[in-house]
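Engineer: show me how the following folds:
(chains A, B, C and D)
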2 protein chains.
Amino acid sequence: MSRALNDAPHVSEAVRRKVKEAAAALDYHPNLAAQSLIARRSYLIGLTYERPSPSYVVELQNGALGRLENERYRLVVLPFNHVASRPEELGKLLLRAGLDGVLLAPPACDQPVLLDMIERQRLPYARITPHSDLDRGLVVAMDEVAAGHTVAAHILSLGHRRVGIILGDPSHAASRGRLEGYRQAFQDGAVTIDDSLVGTGDFTYDVGYRVALELLDRPVRPTAILAQNDDMAVAAIAAARDLGLSVPQDLSVAGFDNSEVSRTAWPPLTTVHQPVREMAWDAANRLIAMLDGDTDSDAPRRRDHLHELLVRASTAPPASTG
Amino acid sequence: MSRALNDAPHVSEAVRRKVKEAAAALDYHPNLAAQSLIARRSYLIGLTYERPSPSYVVELQNGALGRLENERYRLVVLPFNHVASRPEELGKLLLRAGLDGVLLAPPACDQPVLLDMIERQRLPYARITPHSDLDRGLVVAMDEVAAGHTVAAHILSLGHRRVGIILGDPSHAASRGRLEGYRQAFQDGAVTIDDSLVGTGDFTYDVGYRVALELLDRPVRPTAILAQNDDMAVAAIAAARDLGLSVPQDLSVAGFDNSEVSRTAWPPLTTVHQPVREMAWDAANRLIAMLDGDTDSDAPRRRDHLHELLVRASTAPPASTG
DNA sequence: GAATCGACGGTAAACGTTGACCGATAAAAC
DNA sequence: GTTTTATCGGTCAACGTTTACCGTCGATTC
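Structural biologist: Next up, the predicted model:
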């Protein structure tokens, strides 16, 4: 009887205890499929991401799982590459997965086609650090522009004026946001960005290395490099070392993400901490609140988390300011 | 009608086509809970692991997901810390999760209590690199002893005789296996392990750093350090640098895992590649075969994958041999 | 042209749980 | 002692599929 296990009323204590004992003795576990069928819930939450750095993925997962712990919900991981070129495929995958809700990390969270699909099917979703259509769905955001501004301002305040930039994957809106932040900081400092010192990477070490080599091969070498994530920043350090330059004496390098490599690299990277874990927790939290019908309509649909600049040993004033 | 969508016989082409069109028009998706109920299957595969390095987790996941792609099965991640001290809790978690099968990574795969529980409930499972009870369940293994032997033999062949060792978490049987491999290699080379140069870490950077500092503080400093994973090896390099030693001139360092940091570190780490992704793929493959009833009883229950020594720039002959 | 056979479409039971409903029993009030 | 009420335990429909079964219709064969 479901009433006994469910602690429902209209059941005597004696019967309840007996039923529970029997259930324990038989290692009885209620059939989740039947419960799902009647509750019209699968108790599954999806998490989609696209081949970013391992530490980012793990932070995302741990954040979401931290909230799901002690809940009935389980987390299904659904990595998917090249969303930008085939958003409908991901949509189908998500809709077929029988989820109660889905957490969308970049760049999936910025695909209008995808959002249209899952909205049509009324699949609840939360977006983690989206960069477009910020009024759609539940949004957990970090101000990428402000973060970009902070790290660029740090470099400028050290006295650097010839600054190289390694952009991330252009399909990630984060790349544009961070660049916009750089621009504003440069404007504030009355410095102009030298477009010839802006290279495009894709967030990977290998491409970052190549782009860094090109930047350092210029007749007037930059004295600092702003990389849009840590992997590319570490690559820039390696490239500098291979050219006989030492960091931070000959070249300052700043990264982005506060990933594991930023701490284990030498010198440790100056970087920007993104509270990925906290944001994933928050996204899961808000999604669950929606699913469980806690209609706190006073809760804002968007929530901003703060970034943090971590100044470590990879940045210093330029050797000779002249 | 299920027959039309299911491509079953006894359905005319016209009707089948009409049904499929209607289904597509309505964005119809069959209810997975109802299907699960009747099929007595949830089409969920669990993956349990315990707080190892991010790259290891991601490799595990990608391997398993690679096999699950284009299958009905979905992957549920179930990290669980401190299994050794509370295996029954993980057992309950797994049994309540409504899984069709579960992939057990270390150290969960070496908990007899856990295996007992899930066997009693007839939950199929595959174990990835277990170290005890190798005859229980489906086993995907790598010979840790042989791998330890290989890397230790490499260090000895370079001429090192005073070798420091940083062990991993003692609760991981891998730590013991690798150490046993070291021992055999030392024995082969007629070298004795200096127990005062053996420190115990826990696979993390921070503890690895502390242990490395202690080892390098000895009156007779080791000329090489064998770390049982890459994070601790990178920590050892950092510790050496902080003491004014350069790697590999003053100290050789070898790691384990071929993780991302081993490639991005400076100098790049000599390490042992564990085919984690392949093993996870294989484990998922064998688990699915079992679930789908492909009773290839001729398939061995255990399968060994090969390790590979990657010699990079962090190891070299000792500066002065004597 | 009638009978048999095969193919097709419809109907209904089953999966394991929940929750509403109903009858019965015991307790309380008159 | 009888009526009312509250509480408990049991029964049954429902969730959305799948699959077995059955009836019917058309086609083929004698």
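Engineer: and A:Val191, how far is that from chain B?
Structural biologist: 30 Å (CB to the nearest CB, to the nearest Å). Where C-beta positions appear, they are placed from N, C-alpha and C, glycine not excepted.
Engineer: residue nearest the centroid of chain A?
Structural biologist: Computing the C-alpha centroid of chain A and ranking residues by CA atoms, centre = their mean puts A:Val276 first, at 5.3 Å.
Engineer: please name the residues that touch that residue.
Structural biologist: By CB atoms under 8 Å, 6 or more residues apart in numbering or on different chains, the residues touching A:Val276 are A:Tyr56, A:Glu59, A:Leu60, A:Gly63.
Engineer: from the residues you listed, pick the one nearest DNA strand C.
Structural biologist: Closest approach to DNA strand C among those (CB to the nearest atom of the strand): A:Gly63, at 29.5 Å.
Engineer: stretch A:127-144: how far from the chain's middle?
Structural biologist: Its chain's average C-alpha position is 11 Å from that of stretch A:127-144, according to CA atoms, centre = their mean, to the nearest Å.
Engineer: buried ones in it?
Structural biologist: A:127-131, A:136-144 (16 or more other CB atoms under 10 Å in any protein chain shown).
Engineer: cool, and stretch A:259-279?
Structural biologist: Buried, per 16+ other CB under 10 Å, within stretch A:259-279: A:259-267, A:269-279.
Engineer: what of stretch A:248-258?
Structural biologist: A:Pro248, A:Asp250, A:Leu251, A:Ser252, A:Val253, A:Ala254, A:Gly255, A:Phe256, A:Asp257, A:Asn258.
Engineer: repeat for stretch A:231-248
Structural biologist: A:Asp231, A:Met232, A:Ala233, A:Val234, A:Ala235, A:Ala236, A:Ile237, A:Ala238, A:Ala239, A:Ala240, A:Val247, A:Pro248.
Engineer: count of residues packed around the residue of the stretch 51-200 of chain A found nearest DNA strand C?
Structural biologist: Closest residue of the stretch 51-200 of chain A to DNA strand C, CB to the nearest atom of the strand: A:Arg72 (10.9 Å). Applying other CB atoms under 10 Å in any protein chain shown, we find 16 residues neighbouring A:Arg72.
Engineer: ok so, going back, so for the buried residues of stretch A:127-144, which is the shakiest by pLDDT?
Structural biologist: Note: of the buried residues of stretch A:127-144, the lowest pLDDT belongs to A:His131, at 79.
Engineer: pretty sure that residue sits against A:Val139.
Structural biologist: No. At 10.3 Å, A:His131 does not count as touching A:Val139 under the criterion of CB atoms under 8 Å.
Engineer: wait, is A:Ala319 part of a strand?
Structural biologist: No. Judged by DSSP: H, G, I helix; E, B strand; the rest coil, A:Ala319 forms no part of a strand; its state is coil.
Engineer: on the three-state scheme, the closest residue to it other than its chain neighbours is what?
Structural biologist: Leaving out its chain neighbours, the residue that sits closest to A:Ala319 by CB to CB, 6 or more residues apart in numbering or on different chains is A:Gln249, at 5.9 Å. Put simply, A:Gln249 is coil when judged by three-state DSSP.
Engineer: please apply the same query to A:Leu226.
Structural biologist: Strictly by three-state DSSP, A:Leu226 counts as strand.
Engineer: what sits against it?
Structural biologist: Per CB under 8 Å, 6+ apart, neighbours of A:Leu226: A:Val151, A:Ala152, A:Ile155, A:Val163, A:Gly164, A:Ile165, A:Ile166, A:Tyr182, A:Ala254.
Engineer: swap the cut-off to 7 Å and go again
Structural biologist: A:Val151, A:Ala152, A:Ile155, A:Val163, A:Ile165, A:Tyr182, A:Ala254 (CB atoms under 7 Å, 6 or more residues apart in numbering or on different chains).
Engineer: what's the spacing between A:Pro30 and A:Asn70?
Structural biologist: Between A:Pro30 and A:Asn70 the distance is 18 Å, computed by CB to CB, to the nearest Å.
Engineer: who has more neighbours, the two?
Structural biologist: A direct count of neighbours by other CB under 10 Å for A:Pro30 and A:Asn70 places A:Pro30 higher, at 13 against 6.
Engineer: A strand includes the more buried one, no?
Structural biologist: No. The assignment for A:Pro30, made by three-state DSSP, is coil rather than a strand.
Engineer: among the buried residues of stretch A:259-279, name the ones in helices.
Structural biologist: If you go by DSSP state H, the buried residues of stretch A:259-279 have A:Glu260, A:Val261, A:Ser262, A:Arg263, A:Thr264, A:Val276, A:Arg277, A:Glu278, A:Met279 in helices.
Engineer: now the two most distant members of these.
Structural biologist: Farthest-apart pair in those is A:Thr264 and A:Met279; separation 23.4 Å (CB to CB).
Engineer: residue contacts, the closest residue to A:Val113 other than its chain neighbours?
Structural biologist: Leaving aside its sequence neighbours, A:Val113 sits nearest to A:Pro87 (CB to CB, 6+ apart; 4.2 Å). Applying CB under 7 Å, 6+ apart to A:Pro87 gives the contacts A:Gln111, A:Val113, A:Leu114.
Engineer: how close does A:Pro87 get to A:Leu114?
Structural biologist: 4 Å.
Engineer: related to what we said a few turns ago, out of the buried residues of stretch A:231-248, which is nearest to chain B?
Structural biologist: Checking those against chain B with CB to the nearest CB, the nearest one is A:Val234 at 5.0 Å.
Engineer: for the helix or strand harbouring the closest one, give the mean pLDDT please.
Structural biologist: Element membership for A:Val234 (DSSP states H and E) is helix A:230-242. Regarding helix A:230-242, the rounded mean pLDDT is 94.
Engineer: what does stretch A:19-38 give?
Structural biologist: 84.
Engineer: contacts only, for A:Arg178.
Structural biologist: So A:Arg178 contacts A:Glu144, A:Ala147, A:Gly148, A:Gln228, A:Phe256 (CB under 7 Å, 6+ apart).
Engineer: follow-up on the earlier one: the buried residues of stretch A:231-248 into CSV, with extra columns for distance to chain B?
Structural biologist: Shown next, in CSV, are the buried residues of stretch A:231-248 (distance: CB to the nearest CB, whole Å):
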residue, distance to chain B
A:Asp231, 7
A:Met232, 11
A:Ala233, 10
A:Val234, 5
A:Ala235, 8
A:Ala236, 11
A:Ile237, 8
A:Ala238, 7
A:Ala239, 12
A:Ala240, 11
A:Val247, 10
A:Pro248, 15
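Engineer: tell me the confidence at A:His160?
Structural biologist: Taking A:His160 on its own, its pLDDT is 97.
Engineer: excluding chain neighbours, what is closest to it?
Structural biologist: A:Ala224 (4.0 Å).
Engineer: show me the contacts for the one you found.
Structural biologist: Neighbours of A:Ala224 in contact, by CB under 7 Å, 6+ apart: A:Ile155, A:His160, A:Val163, A:Leu251, A:Ser252.
Engineer: so which of these would you say is closest to chain B?
Structural biologist: For the contacts of A:Ala224, the nearest to chain B is A:Leu251 (14.5 Å; CB to the nearest CB).
Engineer: any weak-confidence spans in the stretch 201-322 of chain A?
Structural biologist: A:294-301, A:320-322 (pLDDT under 70).
Engineer: for it, which residues are neighbours of chain B?
Structural biologist: A:Tyr205, A:Val234, A:Ala238, A:Arg241, A:Glu260, A:Val261, A:Thr264, A:Ala265, A:Trp266 (CB under 7 Å from any CB of the partner chain).
Engineer: give me the distance between the residue in the stretch 101-250 of chain A that DNA strand D sits nearest to and B:Asp27.
Structural biologist: For the stretch 101-250 of chain A and DNA strand D, the shortest gap (CB to the nearest atom of the strand) falls at A:Gln121, measuring 12.8 Å. Counting by CB to CB, the separation of A:Gln121 from B:Asp27 is 6 Å.
Engineer: that older thread, show the backbone phi and psi for the residue nearest to A:Val113.
Structural biologist: Dihedral pair for A:Pro87: phi -60, psi -30, per degrees, to the nearest 10.
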